[in-house]
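Q: Provided below are the primary sequence and the corresponding predicted coordinates.
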Amino acid sequence: MVLEDLFCRPSALARFRLPPLGPQMDGFCDWLQPQGFSRCALRRRIWQTSHFNQCLRKWSVKTCQEVSSAHGERFLRQHLSRCRCRGGHRCGRAGAHGAVRSLIEYLSQRALLAESQPPDTPYQAVLQRYLHYLRCERHLSETTVKNHRVHLIPFLESLGTPLAAQLQQLSPEQLLAYFTQRSQHSAPSMPRLLQGVLRRFCHFCLHEGYLERDLQAAIPPLRHYRLGTVPQGIDAEDARKTLQCIDRTTSIGRRDFALILLLHTYGVRGGQLRALRVHDIDWRGGRIRFPAAKGGKEVLVPLTDEVAQGLVEYLRHGRAQAPYPEVFLTAQPPYRPLRCPATVSLRVAQRMREAGVALPRAGSHSFRHGFATQMLEQGQSMKTIADLLGHRNINTTFIYTKVDFNTLRQLPLEWLEAGP
């Protein structure tokens, strides 16, 4: 598909082909076309992209290779309110955001996108060295590195400038005061996460010479009892109730049914479903492979008939024809893989609410806990359960011994009689 397939007016075509984005607009149209957009939506995205192109020319961007994601952010932040579509109507922010995001992704896939320079902030050099340390020396995942960055930036901003001098003068009392302030009125997991970030950063600063003494002890230890919680999983009846309440006549219903059926049958994580690819399903061999997650092992299990039927129904009649290897895609255009980490859990929680299933923490992990509990009730060994859950360390699986009520009933304590 090219621009002439969408527009007829020569003036519009000439406008769309102006530099710096003009030489790429035909390819951009062809890239958008299989993503499920209607003709009207395609035209609207091209118009919105042309506003972005006009701003790029005002910013003296000469070629497409000079465009970076920072330009897209600047356009949405500063210039969107002044851009008007044909007829004088303002561009909707959501629509323009989607158009610019699609264009940035298109340029990135074709290696035409310039690298964005990090903002010039007083703490940028230290922050980049620390993130490099986490990736290359600690070998942490990108998700963990991102969490460190998000929680560390407010701390670095609170120190002021110059950063090197402020770090040299950092006292245990100042570090403790910041930790206490940030931990108050926060989610229960926030203090533990912030504790790990600040302690690791202090260790890095001591090693690099930013600190003269080790300040890790300034962060108080948070008492956490191993195996101190009881996993609350969904039982088999509520799981089936959730599946039965899904309307499988729609595309999104077929997708959600397949998602929840996989969670119920195999107890995998939501992230493993997002990463599942079509070639991970061995139809002839009757097996399915789930990729490793959170430092665990990949899981290779038999493909049951019920799961196979649910996947076939979704792949044939519910999944969009988009050029992605992932099994599960968004249900509305632009069709793309489920990238947000919370997507699967949010969809599962919504389906559970629709079915009237109430749990303290509804989501995809409740099916994982339910799966492990059912395996334990069936008499499976801890080693088998650990392999099915993809746990690399069997100690991680021991938390489920607390819900093995059949075994616990065999260990009654003697009743002590009261003395006279």
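A: In hand now; what should we look at?

Q: Could you report the pLDDT at Gly98?
A: Predicted confidence (pLDDT) for Gly98: 83.

Q: residues touching the most centrally placed residue in the chain, list them.
A: Geometric centre of the chain, nearest residue: Pro341, 2.5 Å, by C-alpha atoms, centre = their mean. Neighbouring residues of Pro341 by C-beta atoms under 8 Å, 6 or more residues apart in numbering: 143, 270-271, 274. Glycine gets a C-beta too; all of them are placed from N, C-alpha and C.

Q: and what of Leu127?
A: Leu127 touches 149, 152-153, 156, counting by C-beta under 8 Å, 6+ apart.

Q: Please indicate which of these are buried?
A: 152, 156 (16 or more other C-beta atoms under 10 Å).

Q: for the contacts of Leu127, which one is nearest Tyr123?
A: Leu156 (3.8 Å; C-beta to C-beta).

Q: circling back to that earlier point, who wins for most neighbours among the contacts of Pro341?
A: Among those, Gly270 has the most neighbours (other C-beta atoms under 10 Å), with 24 neighbours.

Q: related to what we said a few turns ago, report the two of the contacts of Pro341 separated the most.
A: With distances taken as C-beta to C-beta, the most widely separated pair in the contacts of Pro341 is Thr143 and Gly270, at 13.1 Å.

Q: Show me the domain layout of this protein.
A: Segmentation of the chain into domains, based on automatic domain parsing, reads 3-109, 124-218, 236-407.

Q: Helices along the stretch 201-350 of the chain, start to end?
A: 236-244, 251-266, 270-275, 305-317, 343-354 (DSSP state H, counting those that start in this stretch).

Q: circling back: now flag whichever of the contacts of Leu127 is closest to Asp5.
A: Closest to Asp5, out of all of those and judged by C-beta to C-beta, is Arg149, at 43.0 Å.

Q: Nearest residue to that closest one in space, please, no chain neighbours.
A: Leu131 (6.1 Å; C-beta to C-beta, 6 or more residues apart in numbering).

Q: got the CA coordinates for the helix or strand where the one you found lies in PDB?
A: Assigned by DSSP states H and E, Leu131 falls within helix 124-136. The C-alpha trace of helix 124-136 is given here as PDB (Å, rounded to 0.1, in the frame of the first residue of the first chain):
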ATOM      1  CA  GLN A 124      23.400  11.500  34.500                       C
ATOM      2  CA  ALA A 125      27.000  10.400  34.400                       C
ATOM      3  CA  VAL A 126      26.800   8.600  37.800                       C
ATOM      4  CA  LEU A 127      23.400   7.100  36.900                       C
ATOM      5  CA  GLN A 128      24.600   5.700  33.600                       C
ATOM      6  CA  ARG A 129      27.700   4.100  35.200                       C
ATOM      7  CA  TYR A 130      25.500   2.500  37.800                       C
ATOM      8  CA  LEU A 131      23.100   1.100  35.300                       C
ATOM      9  CA  HIS A 132      26.000  -0.200  33.200                       C
ATOM     10  CA  TYR A 133      27.300  -1.900  36.400                       C
ATOM     11  CA  LEU A 134      23.900  -3.500  37.000                       C
ATOM     12  CA  ARG A 135      23.700  -4.900  33.400                       C
ATOM     13  CA  CYS A 136      27.300  -5.900  32.800                       C
END
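
Q: what's downstream of that helix, the next helix or strand?
A: helix 142-159.

Q: ok now the helix or strand just after that following helix, how far from the chain's centre?
A: The element immediately downstream of helix 142-159 (helix or strand, assigned by DSSP H and E) is helix 163-168. Here the centre of helix 163-168 is set off from its chain's centre by 34 Å, with C-alpha atoms, centre = their mean, to the nearest Å.

Q: The helices of the stretch 201-350 of the chain: which one's closest to Ile385?
A: Of all the helices of the stretch 201-350 of the chain, helix 251-266 comes closest under C-beta to C-beta, at 12.1 Å.

Q: Which elements pack onto that closest one?
A: helix 236-244, helix 270-275, helix 305-317, helix 343-354, helix 364-377 (3 or more C-beta pairs under 8 Å, 6 or more residues apart in numbering; DSSP states H and E).

Q: The closest residue to Gln374 other than its chain neighbours and Gly285: what is the separation?
A: What sits nearest to Gln374 in space, not counting adjacent residues and going by C-beta to C-beta, 6+ apart, is Ala236, at 6.4 Å. Applying C-beta to C-beta, to the nearest Å, the value for Ala236 to Gly285 is 28 Å.

Q: So the two - more neighbours on which side?
A: Comparing Ala236 with Gly285 by other C-beta under 10 Å, the one with more neighbours is Ala236, at 13 against 9.

Q: where's the more buried one relative to His264, distance?
A: With the distance defined as C-beta to C-beta, Ala236 ends up 8 Å from His264.

Q: again, but for Ala99
A: 38 Å.

Q: Settle it for me: which of those two has more neighbours?
A: Ala99 (24 against 21).

Q: so what does the strand or helix carrying the more buried one touch, helix or strand wise?
A: Counting by DSSP H and E, the element that carries Ala99 is helix 93-109. Helix 93-109 is packed against helix 25-32, helix 39-58, helix 69-74, with contacts defined by 3+ C-beta pairs under 8 Å, 6+ apart.

Q: which of the residues in that helix are buried?
A: 96-100, 102-104, 106-107.

Q: so how far is it off the chain centroid?
A: 19 Å.

Q: Stretch 17-24 now?
A: That offset, for stretch 17-24, works out to 33 Å (C-alpha atoms, centre = their mean).

Q: what's the span of that stretch from first residue to last?
A: Stretch 17-24 has an end-to-end distance of 8 Å (criterion: C-alpha to C-alpha, to the nearest Å).

Q: How about stretch 297-311?
A: 23 Å.

Q: pLDDT averaged over stretch 311-322, what's the number?
A: Averaged across stretch 311-322, pLDDT comes to 92.

Q: cool, and stretch 361-381?
A: Rounded mean pLDDT across stretch 361-381 is 85.

Q: For stretch 337-349, what is the distance to the chain centroid?
A: For stretch 337-349, the distance to the chain centre is 8 Å (C-alpha atoms, centre = their mean).

Q: same check, this time on stretch 349-358
A: 22 Å.

Q: try stretch 56-74
A: Distance, centroid of stretch 56-74 to centroid of chain: 28 Å (C-alpha atoms, centre = their mean).

Q: Now stretch 6-18: buried residues?
A: For stretch 6-18, by 16+ other C-beta under 10 Å, it's 6-7, 12-13, 16-17.

Q: Stretch 201-218 too?
A: 201-202, 204-205, 210-211, 215-216, 218.
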